[in-house]
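1. Give the three-dimensional model of this entry:
(chains A, B and C)
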Amino acid sequence: MATIQYWLMKSEPDVYSIDDLKRDKRECWEGVRNFQARNFMRGMQVGDLAIFYHSNAKPPGAAGIARIARVAYPDSTQFDSSSKYYDPKSTPDKPRWSMVDVAFVEKFSRMVPLAELKSDPELEGMRVIQKGSRLSVQPVEKSHFERVIALSKLSRGAG
DNA sequence: GCCAACGTTGGC
DNA sequence: GCCAACGTTGGC
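-> Here you go, the predicted structure:
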């Protein structure tokens, strides 16, 4: 059995939240328009786990867990001129952008705010807590992934 | 709303 | 290939 990889995927909850994924159970992760983030998605395997992160939220933070349900395939919105994700430089025979499908795993009983991720010594070096980090899809170390889950199970201030 | 960070584009 | 201009992300 292959070792699974761990990821963090950002979404603005006003656009698509962990509650939306809980309702939908499974959804395609459309709209990634950054090459580095796209390349990370192309490295994902079915069964990989991702922290579902709420960006541009009050407060921003880790909101739950999703599982990769389908490996990367062309993002159809890039060919749709009515979509805000339309990319006129992309053609169906040479698609620029990919997406994966993600499935709902869990919504944290307590979302872990970014400020708390930043203040946790065990999460030192995690990409999402670095100043100016804009990457919307990023790999996460297993120890960091497990630590975020552990934090979600603590009541604030406990421990 | 502000603005720092940083990715992309395009002129040269 | 350089780099300035521009657009976007995203915390605060």
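2. Quick check: phi and psi on residue A:73?
-> Phi and psi for residue A:73, reported as degrees, to the nearest 10, are phi -150, psi 170.
3. That should have said residue A:44, apologies.
-> Here the main-chain torsion angles of residue A:44 (degrees, to the nearest 10) amount to phi -80, psi 150.
4. What separation do you get for it and residue A:66?
-> Going from residue A:44 to residue A:66 by CB to CB, to the nearest Å gives 11 Å. For the C-beta atoms, the positions are set from N, CA and C on the backbone; glycine is no exception.
5. low pLDDT regions in chain A?
-> Confidence mapping of chain A against pLDDT under 70 gives the ranges A:1, A:156-159.
6. can you give me the helices in it?
-> In chain order, chain A shows helices spanning A:18-24, A:35-42, A:114-119, A:142-153, with DSSP state H as the criterion.
7. circling back to that earlier point, which of residue A:44 and residue A:66 has more neighbours?
-> Neighbour tally, residue A:44 and residue A:66, criterion other CB atoms under 10 Å: the higher count belongs to residue A:66, 26 against 23.
8. Distance check, that one against residue A:25.
-> Here the distance between residue A:66 and residue A:25 works out to 11 Å (CB to CB).
9. try residue A:10
-> Between residue A:10 and residue A:25 the distance is 20 Å, computed by CB to CB.
10. Comparing those two, which residue is more hemmed in?
-> residue A:10 (21 against 9).
11. okay, now whatever residue of chain A ends up closest to DNA strand B: neighbour count?
-> Among the residues of chain A, residue A:132 lies closest to DNA strand B, at 2.5 Å counting by CB to the nearest atom of the strand. A count of nearby residues for residue A:132, using other CB under 10 Å, gives 4.
12. before we move on, what about residue A:91?
-> Counted with other CB under 10 Å, the burial measure for residue A:91 works out to 11 neighbours.
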